[in-house]
Structure formats: structure tokens, C-alpha cells
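> Give me coordinates for this.
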Amino acid sequence: MTLQPFDLNLRHLRAVAAIRRCGSISRAANEVSLSQPAVTQGIAKLEAQLGLRLFERGPAGMTPTVEGDQLSERIEAAAGAMIAAFEAIRGGSRGGFRGTENLVTMSQVRALLALAAAGSFVDAAQASKLSQPSLHRAVRDVERLSGVPLVERRGRGVRLTQAGQRVSRGFSLAIEEVQAALDELAPADTGRIRIGAMPLARARLLPLAIARFHKLRPAARIEVEEGPHAELIERLRDGRLDFLIGALRDPLPGPDVAQESLFDDRLVIVAGRGHPLAGEKPPDLARLSSFPWVVARPGAPLLRVWRALFEDAGVPVPDAPVTCGSVMMIRGLLAESDFLTLLSPHQIGGQGDLVAIGDPIEKTRRPIGLTTRADWRPAPAQLHFIDLLREITRANRLRGIE
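Numbers count the residues shown, from 1 in each chain. The predicted structure follows:
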């Protein structure tokens, strides 16, 4: 059975980082508020769980192995995420304990994250395999340590307060650092990648990268989550996604994220094969505006590009009675009607029921690429996958494909 973050003891993990900093078990024991025998037993248990030696024991003290260094760095990052969360919610509050991140247990972390995901204590207990009394107690303990309310009743369920959401995000990011440590310490062909995919990436680039990656790392696991940018980026910030791939945003969504362009894409006007404009020479905008359009959701960059196409030319913006982000749904609609839309050529390639009206439009050029957390350090499998994406797009540019 694969080792998971919640299988580990958080205090034992803190002890690893403390031993590396202090160089001895006695000084580390004082820092993590455990006895020396408890620290010794905890490190031995952790090494047995991981199947790795984390320290070399000698007259000069405890010297971390390469694996011990790797794990310690991730634990320090996990602690940093929790510290930032608790500091953010306290403000002027005098409640709670100082050094709260050193008092929180893995069971408490698991309980709050389960409640945040489920929205009720009953569902959270089922998902986390904790009893409802244990779950209630764990969440109350985190509230007591925090010094501010984290949960509020809402109808038959519960929801996290703003402070609860901030603590939950800190816990989630901390758990992801522990998961990254496990991935780094695991065999080379394993690992886990969680991708937030926007429409264009799902059409061509992502399937190709996944197929190649699986051949190289068949034991690795890939999770792809689809959705609009506004939803995916919050999951990225929570640590529930490793990176997003799709159209980049301008301006940058915030200082906590980073963007990397992989290639530029240009949009083309698309219709069903039986459309009155199919096969004709490229029509002018006035002619195009006489047909109904299906467009992207409000707030999407693609919608702004579509409006600007007509507004910049002084042509009335066409009627767009349908908004939709699903290419499959759009394809079915175009095949049965005179609707038009804007898509990437990559999204219609090889689809016999769709045709391009004219050539790709230069003024619709937009960057497609990766969005990550600004402080994210990818584990080996994640870095390997991103390198594959870069390699594929670089090869396409050399062949003149964009």
C-alpha cells in the first residue's frame, strides 16, 4: 500500500527538520516538545515507514542523509505554510497559542480539510474515516489553538469562516509539501500530477504529453480536472492542483501565482459543415454579425477577444444567445444550426463536422501556457511532465505548428 501524508505523524516530521537544524536529538526534543526517547522512537518509526535512513548517527551528532535533507526541506516549507495561515487570521486577536503550527496534529489537519471539502460533519466523517465525535473534537481543538472561529452553521450543513478558509488553505499547502516529499523519496517511475486543464490544452497538447509521459513513467498517476479559470486557480492556490494549463491571463491574477508561456495561439471563426458560409471566401464582419454566435462565459478572455473583433471595426456586436465552455456541446450546436463561434484551429483539427471560416485571425493571438503557485517547487514527476510540455511545444514551433 502506498504511503500517504496522513499515515505520518506530524510531530515526528517536525522532529526530522529540528534535528537537521540542531544537530542533536536532545536539542531537537526541546524544540518540538517531546522527550528524547520519544524523538528517537519517532525517527526510527518514520525511517521504517519510508524504508530509508534519514540520519547518520555518530560521535559528532546526527548528520542528515540526502533523503533526510530532502524531507527536512519539505517539512520546513510545510511549516511555513501553516505559520503564514495562522499569522494571517490572528491580526489583533489575543486568543490562540503562539507557535500553533507546532501543536497541530495530523488528525486535526485531516479533520479540517475533510470538513472543508464535504461541507458537513457527517460527510466529512465518512470521507476521512474518522468518527463524528473525533471529527468534532479535532476541529474544536484547531479553533481553540487558532483563537478565532473557523466554522459556522449554515442550514443543515456548515461552512468555514474566512479565517477557516485561510487555515484550511495553509493545511492543504502543508499536506502537499509532505506529498511532494513522499514523491521525491519514492522510486523514480512513480509520482502524482494533478492538472487543471482549460479548453485549448484539452484538445491536443495535454493528451499528447500524457501519452508520452505514461510510456516513460507507467507507475505515475495523473489527475486532470476541467473547469473555468476562476475555479481552477482557487484550487491551485489551495494546493489541490499542481499547475494549470491553458490561456494565460493579463494582468497576472496575483503575486502568489506565476505564468509561463509555451506557445501563441490564434483563433478562427468556426461553423458547422452545412453552414451557409461554409466554402465561401472569407466574409466581412458585417456578414458575420448577421448570424447568431455561441460565445465563452462572462469574464473569459475569449469573450473579450470576440467582442473586440467587431467593436474595433465599428461593426455591431452580433447576437450571442448561447454561452458555453464545452467544445463538445458547441460542436453539436454548430452541426445542427447556423451558429458561429471562435475556436482554436487545434480544437477543430480532424473534426469533420466543423469547418473554419477564413484563416486564423492575427489580432486574436494569445499566449497559452502554465500557471503555478509562485513559490511552488515541483517534485521530480511534476518537473518531468512540465519538461515534456516544453519539449513538445518547442518541437512544434520548429515545425511551424502553433
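> so where is the protein shaky, pLDDT-wise?
For the chain, applying pLDDT under 70 flags the ranges 1, 92-98, 200, 202-203, 349-351, 398-402.
> measure the residue of it most remote from its centre to residue 269 for me?
Here the chain reaches farthest from its C-alpha mean at residue 59, the gap being 44.5 Å by Cα atoms, centre = their mean. Noted for residue 59: a distance of 76 Å to residue 269, by Cβ to Cβ, to the nearest Å. For glycine as for every other residue, the C-beta is placed from the backbone atoms N, C-alpha and C.
> now do residue 41
Separation of residue 41 from residue 269 (Cβ to Cβ): 68 Å.
> Between those two, tell me which one has more neighbours.
Remark: of residue 41 and residue 269, residue 269 carries more neighbours, 25 against 13, as counted by other Cβ atoms under 10 Å.
> Please tell me I have it right and residue 198 contacts residue 232.
Yes: with contacts counted by Cβ atoms under 8 Å, residue 198 reaches residue 232, the gap being 7.1 Å.
> shared neighbours, these two?
Common neighbours of residue 198 and residue 232, counting by Cβ atoms under 8 Å, 6 or more residues apart in numbering, are residue 244.
> Contacts only, for the nearest residue to residue 303 once chain neighbours are set aside.
Excluding its sequence neighbours, the residue lying closest to residue 303 (Cβ to Cβ, 6 or more residues apart in numbering) is residue 296, at 4.5 Å. If a contact means Cβ under 8 Å, 6+ apart, then residue 296 has 302-303, 306, 323-325 as its contacts.
> Kindly report the same for residue 370.
243-245, 259-260, 262, 386, 389.
> that's a helix at residue 224, yeah?
No: the assignment for residue 224 (DSSP: H, G, I helix; E, B strand; the rest coil) gives strand, which keeps it out of a helix.
> in terms of contact, does it touch residue 207 like I think?
No: between residue 224 and residue 207 there is no contact under Cβ under 8 Å: 9.5 Å.
> neighbour-wise, which of these two wins?
Relative neighbour count places residue 224 above the other of residue 224 and residue 207, with 16 against 13, counting by other Cβ under 10 Å.
> Please name the bridge partners of that one.
residue 195 (DSSP bridges).
> picking that back up, need the phi and psi values for the residue nearest to residue 303.
Dihedral pair for residue 296: phi -70, psi 170, per degrees, to the nearest 10.
> Could you find the closest non-adjacent residue to residue 240?
Nearest to residue 240 is residue 172, by Cβ to Cβ, 6+ apart, at 6.4 Å.
> Distance-wise, check the one you found relative to residue 239.
4 Å.
> How about residue 380?
From residue 380 across to residue 239, the span is 18 Å (Cβ to Cβ).
> So for the two, which sits in the more crowded spot?
When residue 380 and residue 239 are compared for neighbours, residue 239 comes out ahead with 22 against 16, by other Cβ under 10 Å.
> Wait, residue 106 touches residue 4, no?
No: Residue 106 is not in contact with residue 4 according to Cβ under 8 Å; the separation is 10.5 Å.
> which of the two has more neighbours?
A count of neighbours by other Cβ under 10 Å puts residue 106 above the other of residue 106 and residue 4, at 19 against 11.
> contacting residues for that one?
Contacts of residue 106 (Cβ under 8 Å, 6+ apart): 5-6, 8-10.
> The chain: strands as residue ranges?
Using DSSP state E, the strands of the chain run over 55-58, 61-64, 151-154, 157-160, 192-197, 221-226, 243-247, 257-272, 294-295, 322-323, 340-343, 354-373.
> before we move on, the earlier item: considering the contacts of residue 370, which possesses the most neighbours?
residue 244 (27 neighbours).
> How about it: which residues does it bridge to?
residue 196, residue 371.
> wouldn't it be in contact with residue 232 here?
Yes: counting by Cβ under 8 Å, residue 244 does reach residue 232; the two are 5.3 Å apart.
> dump the residue contacts of residue 119.
Neighbours of residue 119 in contact, by Cβ under 8 Å, 6+ apart: 157-159.
> What of residue 151?
For residue 151, the contact set (Cβ under 8 Å, 6+ apart) comprises 115, 139, 143, 158-161, 164.
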